[in-house]
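> Fold the stuff below for me.
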Amino acid sequence: MIPFNLPGDQELHEAFPYTFKIHKLTADIPPHTHNFLEYTYAFYGSGTEIINGIERPIGPGTFTLLLPHQVHQIRIVRGQELHLYVGAIGLQAIYSSDESTAAFSDLLLRAGTEGEPSYQLEDELSKLLLPIFQSMHQEILSHQPLSQLMFKTKLTEAFILLERNCFAHPDTPTQTTPKHRKGKMWEIILFVYRHFREDIKLETLAERFYLSVPHISTSFKSLIGDNFHNFLEKIRISHACSLLISSNIPVTSVCFEVGFTSYSTFSRVFRERLTMSPSDYRKLNHGHGSN
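A predicted model of the protein is given here:
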């Protein structure tokens, strides 16, 4: 079962699915997942973040990017604080079929699947990013003309800088790629994120990527901390949660939209992961969405 699942703020289920806030943490954040993409940048204090069971120190200059499948928590030593810029991006911005957002969506997914979830940035890069994040925070609170466009432009600039300096770039020759690049398995994970609505099986992936089923199965467990079947279910259920909150689409239609071929299976998996039915989840989070 997912430890704790966050539906996100109302804005993530509306036309401009972005939020950007400052969090000042003085206590632990329990294990949780999101129904959205989250990125954080620490600028004061210290703590420990645990992503999929792996502990990492977090402090000024730490950048973290989390996709929906990743279980995340933060520990704060008593008496200490941790200040973060916390950004969230609704799934419709990632899975949108709008061609104008395709490049941005590709950048986000590539960043989230081809590298580590957390980086301690070099001072030079931190000095470039901090004023960008400060400007993003001003724009998200602004009511000036084109503030949303300016925010997304700054966000894109930040992720391009991060990709050039941290994330593996698809056009970079093998001999110069960062050591954290995991090769073909990250291509497979990215493929699953993009095609989760389709009837994907391990055999399908093995044939497409010229790897054996046992190799892919073992690598999923090694890299993600979960097996392929559960990974695919998490993505589908996360997107289902977003649709249940943000739209009036019938629950049965949501089931098939996110890739399940049987409503009974969808309902069972949803209950197992969120301890309630899809309909109850929609009612509980009705105030978060637009319906």
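
> Contacts for the helix or strand containing Ile22 next, please.
Element membership of Ile22, judged by DSSP states H and E, is strand 18-25. In this structure, residues lying in contact with strand 18-25 by CB atoms under 8 Å, 6 or more residues apart in numbering are 8-9, 11-12, 45, 47, 74, 76, 81-90, 93, 133, 136-137, 140, 148, 151-152, 155. Just so you know, the C-beta spots here come from the backbone N, C-alpha and C atoms, and that holds for glycine as well.

> Likewise for stretch 190-209?
Against stretch 190-209 from outside (CB under 8 Å, 6+ apart): 67, 94, 109-110, 112-114, 184, 187-188, 211-213, 216-217, 228, 231-232, 235-236, 239, 257-259, 261.

> which stretches of this protein form helices?
Taking DSSP state H as the criterion, the chain carries its helices at 91-95, 102-114, 123-141, 147-165, 184-195, 202-209, 213-224, 228-246, 251-257, 263-274, 278-284.

> what mean pLDDT does the shortest one have?
Averaging pLDDT along helix 91-95 yields 71.

> which other helices and strands contact that helix?
Contacts defined by 3 or more CB pairs under 8 Å, 6 or more residues apart in numbering; DSSP states H and E place helix 91-95 against strand 36-45, helix 102-114, helix 228-246.

> try 7 Å
For helix 91-95, the packing partners by 3 or more CB pairs under 7 Å, 6 or more residues apart in numbering; DSSP states H and E come out as helix 102-114, helix 228-246.

> May I have it exported as CSV, CA atoms only?
What follows is helix 91-95 as a C-alpha-only set of coordinates in CSV (Å, rounded to 0.1, in the frame of the first residue of the first chain):
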residue,chain,number,x,y,z
LEU,A,91,0.0,15.4,-14.4
GLN,A,92,-2.0,16.9,-17.3
ALA,A,93,1.1,19.1,-18.0
ILE,A,94,3.2,15.9,-18.4
TYR,A,95,0.7,13.7,-20.2
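
> what comes up buried for the strand holding Ile22?
18-20, 25 (16 or more other CB atoms under 10 Å).

> Please apply the same query to stretch 77-97.
For stretch 77-97, burial by neighbour count (16+ other CB under 10 Å) applies to 82, 84-95.

> next one: stretch 220-237
For stretch 220-237, by 16+ other CB under 10 Å, it's 220, 223-226, 228, 230-237.

> Tell me the one of the residues you listed nearest Phe36?
Ile235 (12.4 Å; CB to CB).

> burial of the nearest residue to the closest one once chain neighbours are set aside, as a residue count?
Spatial nearest neighbour of Ile235, chain neighbours left out: Phe196 (4.6 Å); criterion: CB to CB, 6 or more residues apart in numbering. Other residues near Phe196 come to 19 when the count uses other CB atoms under 10 Å.

> before we move on, what about Phe270?
Residues within reach of Phe270, counting by other CB under 10 Å, total 26.

> Dump the C-alpha coordinates for the strand holding Ile22 into CSV.
Coordinates of each C-alpha in strand 18-25 appear next as CSV, following Å, rounded to 0.1, in the frame of the first residue of the first chain:
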residue,chain,number,x,y,z
TYR,A,18,1.6,24.6,-11.4
THR,A,19,2.3,25.7,-7.8
PHE,A,20,5.4,27.1,-6.3
LYS,A,21,5.7,27.8,-2.6
ILE,A,22,8.2,28.3,0.2
HIS,A,23,8.1,25.6,3.0
LYS,A,24,9.8,26.2,6.3
LEU,A,25,10.0,22.7,7.9
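
> by how many degrees do that strand and strand 36-45 diverge?
40 degrees (axes from the mean of the first three to the mean of the last three CA atoms, to 10 degrees).

> could you give me the average pLDDT of strand 18-25?
Per-residue scores along strand 18-25 average to 96.

> So what are the sheet partners of it and their directions?
Strand 18-25 has its sheet partners listed here by DSSP bridges as strand 82-90 (antiparallel).

> angle of the partner strand against helix 147-165?
Per the same axes, to 10 degrees, the angle that strand 82-90 makes with helix 147-165 is 110 degrees.
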